[in-house]
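Colleague: Quick one, fold the following:
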Amino acid sequence: STLRAVLRNQSDLRKWRSRRRPSLDTNDARRRYAHCRGWKSREQELVEKTIYSDECSIQ
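Modeller: This is a model prediction of the structure:
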């Protein structure tokens, strides 16, 4: 059997069309980039304020 047949039978892999996303204009791209650059220098602050939990619930 082929790899494709094995994957089809043993997993939930399916083909689908990718979702169309709206175009990103130049102004929005610049604003997003500036936002990311602003947070890059505050990376340590984000890590310190994040609460990590290893607890999980299995039902």
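
Colleague: from here on, contacts and neighbour counts on C-alpha atoms
Modeller: Fine.

Colleague: So Ser18, which state does it fall into?
Modeller: coil (DSSP: H, G, I helix; E, B strand; the rest coil).

Colleague: What number of residues are in the vicinity of it?
Modeller: 6 (other Cα atoms under 10 Å).

Colleague: Next: Asn9.
Modeller: Neighbours around Asn9, by other Cα under 10 Å: 9.

Colleague: Could you do Ser23 as well?
Modeller: For Ser23, using other Cα under 10 Å, the count is 7.

Colleague: and stretch 26-41, which residues are buried?
Modeller: Buried residues in stretch 26-41, counted by 16 or more other Cα atoms under 10 Å: none are found.

Colleague: Name the surrounding residues that touch that stretch.
Modeller: Stretch 26-41 has contacts (Cα atoms under 8 Å, 6 or more residues apart in numbering) with no other residue.

Colleague: chain center to that stretch: distance?
Modeller: Counting by Cα atoms, centre = their mean, to the nearest Å, stretch 26-41 is centred 18 Å from the centre of its parent chain.

Colleague: Likewise for stretch 39-52?
Modeller: Centroid separation between stretch 39-52 and its chain, computed with Cα atoms, centre = their mean, is 18 Å.

Colleague: Scan this structure for its longest helix.
Modeller: When the chain is parsed with DSSP state H, its longest helix is helix 26-40.

Colleague: Dump it to PDB, restricted to CA.
Modeller: The C-alpha coordinates for helix 26-40 follow below in PDB (Å, rounded to 0.1, in the frame of the first residue of the first chain):
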ATOM      1  CA  THR A  26       0.400  48.700   3.000                       C
ATOM      2  CA  ASN A  27      -0.900  50.900   5.900                       C
ATOM      3  CA  ASP A  28      -2.100  47.900   7.900                       C
ATOM      4  CA  ALA A  29       1.100  46.000   7.200                       C
ATOM      5  CA  ARG A  30       3.100  48.900   8.600                       C
ATOM      6  CA  ARG A  31       0.900  49.100  11.700                       C
ATOM      7  CA  ARG A  32       1.200  45.400  12.400                       C
ATOM      8  CA  TYR A  33       5.000  45.500  12.000                       C
ATOM      9  CA  ALA A  34       5.300  48.500  14.300                       C
ATOM     10  CA  HIS A  35       3.100  46.700  16.900                       C
ATOM     11  CA  CYS A  36       5.400  43.600  16.700                       C
ATOM     12  CA  ARG A  37       8.500  45.700  17.000                       C
ATOM     13  CA  GLY A  38       7.100  47.500  20.000                       C
ATOM     14  CA  TRP A  39       6.400  44.200  21.800                       C
ATOM     15  CA  LYS A  40       9.800  42.600  20.900                       C
END
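
Colleague: No further questions, thank you.
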